[in-house]
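1. curious how this folds, go ahead:
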Amino acid sequence: MFFTQVLRNSAVSATKQAAKQISKSSAGEQWGLLEARRLSRGAVEWAVSLSLILAWPAAIIKFSEHNRWLKAREEYS
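-> Residues are numbered from 1 along each chain as shown. A predicted model of the protein is given here:
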């Protein structure tokens, strides 16, 4: 019985708090701007992750010491 009352009270307070946050955050702003702001960080993180995943082999080849030695040997040969 005690736990049921605690769960009900916490659910009611959480609902009220969420409603307050929604009304404060969307006061006068367009929905598209809110969504763009929310999704932009995820899109940037995704793009950075994808570029790192795809570009690391090229970066190792370009900046490796072994590659420099090979190019130097080809120049003198």
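2. now do the helices in the protein.
-> Using DSSP state H, the helices of the chain run over residues 2-25, 31-63, 65-76.
3. okay, buried residues for the second one please.
-> When neighbours are counted by 16 or more other CB atoms under 10 Å, no buried residue of helix 31-63 is found. Bear in mind the C-beta positions are built from the backbone N, C-alpha and C, glycine included.
4. helix 65-76 and that one, what's the angle between them?
-> Angle, helix 31-63 to helix 65-76, by axes from the mean of the first three to the mean of the last three CA atoms, to 10 degrees: 50 degrees.
5. same question for helix 31-63, mean pLDDT?
-> For helix 31-63, mean pLDDT rounds to 89.
6. now do the first one
-> Per-residue pLDDT over helix 2-25 has a mean of 65.
7. distance check, Pro57 against Ala36.
-> To Ala36, Pro57 is 34 Å away according to CB to CB, to the nearest Å.
8. let me redo that: Leu52
-> According to CB to CB, Leu52 stands 24 Å off from Ala36.
9. and Arg73, by the same measure?
-> Taking CB to CB, one finds Arg73 at 53 Å from Ala36.
10. same thing with Lys62?
-> To Ala36, Lys62 is 35 Å away according to CB to CB.
11. give me the number of residues near Gln30?
-> Gln30 has 9 neighbours, counted by other CB atoms under 10 Å.
12. now it: how far from Ile61?
-> Plainly put, Gln30 is 47 Å away from Ile61 if you go by CB to CB.
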